[in-house]
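Undergrad: Provide a 3D model corresponding to the input given below.
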Amino acid sequence: MPAYRGRFAPTPSGPLHFGSLVAALGSYLEARTRAGAWLVRIEDVDPPRVVAGAEDAILATLEAFGFEWDGPVMRQSRRAEAYRAALAALRRDGRVYGCACSRKQLAEAARRGVDGPVYPGTCRAGHAHDPALAQRFRVPDGRIAFDDGLLGRVACDVARECGDFVLRRADGVYTYQLAVVVDDAEQGISHVVRGADLLTSTPRQIVLQQVLGLATPAYLHLPVVLDGHGDKLSKQTLARPVAAAQPLPALLAAAAFLGLVLPPGLGSVAEFWPVAAGAWPARVLAPVRGRRTNLCKP
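TA: Here you go, the predicted structure:
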């Protein structure tokens, strides 16, 4: 098994857009230039977000753009038993409790943290074994710190800035934070290269990894593509899909966004990939020595 194992994990809520292409390109080049494996995982754990046909469209687009992944595609929708086992282990250790709070109650009682409302601990002392309720993770005290491949040292007090977070919703759907930790461990992921919009999720995932006794991958968070209004380019903001019939212009644009300096005149996808690999790592990804990113508010 290669020492380096990376992954690209799109949500099938729509076709592949430019922001996702940038994340795919960065993770792919980082894996291939380090003689590593690159896996694809479909993050369809949340059924209401899944759009019919989106998974097939995403995989077809990746193929048209010349991406080649190792092994079968993992789908979170088929992983419920693994998530159930992880939740059960946390419950046995007293790390999980039932929460009956509504979104309205949280909006009224919670203060704002780095990534939304901070749970005030309303149900911490009760509902411990009620499986009909949302299941919250009892976050231990202490700061989480890790070295990001681009951003340098990142630190966050998860209990203070995020609070106890939900691992399984009241409707039975397992959440992203639990699923991604269990899946990264199952696939032996050693390095996670993804957009910086997920930076605030990383400390929560590291806390879960530590409590579950799982290895923590190395992380590198890429710059996020913004639209003309300064918002993250996403399916929610109606980002246009990349054209599978014309992959080269989008690949060149994604490479330019990441700071790769490529020679002019590349005429095909087949010509693009070896040249892009030779230009990696991009200058924009050079780590800022001594930089610190504190996700905790003063």
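Undergrad: is the residue positioned nearest the centre of the chain in a helix, a strand, or coil?
TA: Computing the C-alpha centroid of the chain and ranking residues by C-alpha atoms, centre = their mean puts L198 first, at 5.5 Å. Put simply, L198 is helix when judged by DSSP: H, G, I helix; E, B strand; the rest coil.
Undergrad: what's the offset of the longest helix seen in the chain from the middle of its chain?
TA: Longest helix in the chain by number of residues (criterion: DSSP state H): helix 18-32. On the basis of C-alpha atoms, centre = their mean, to the nearest Å, helix 18-32 sits 13 Å off its chain's mean C-alpha point.
Undergrad: so what does that helix touch, helix or strand wise?
TA: Where contact means 3 or more C-beta pairs under 8 Å, 6 or more residues apart in numbering; DSSP states H and E, helix 18-32 is packed against strand 5-8, strand 37-42, strand 191-195, strand 218-222, helix 247-257, helix 269-279. Yep, even glycine has a C-beta here, placed from its N, CA and C like the rest.
Undergrad: re the thing from before, wait, isn't the residue nearest to the centre of the chain in contact with H221?
TA: Yes: if you go by C-beta atoms under 8 Å, L198 and H221 touch, sitting 6.8 Å apart.
Undergrad: quick one on the thing from earlier: tell me how far the residue nearest to the centre of the chain lies from T11.
TA: Here the criterion is C-beta to C-beta, to the nearest Å. By it, L198 lies 12 Å from T11.
Undergrad: also E30?
TA: 21 Å.
Undergrad: now swap in L150 and tell me
TA: 23 Å.
Undergrad: likewise for K104?
TA: From K104 to T11 the distance is 26 Å (C-beta to C-beta).
Undergrad: neighbour-wise, which of these two wins?
TA: When neighbours are counted by other C-beta atoms under 10 Å, T11 comes out ahead of the other of K104 and T11, with 21 against 8.
Undergrad: the more buried one contacts R49, correct?
TA: Yes: counting by C-beta under 8 Å, T11 does reach R49; the two are 6.3 Å apart.
Undergrad: where does the residue of the chain positioned farthest from its centre fall, phi/psi-wise?
TA: Computed with C-alpha atoms, centre = their mean, the residue of the chain farthest from its C-alpha average is G265, at 34.3 Å. Dihedral pair for G265: phi 90, psi 10, per degrees, to the nearest 10.
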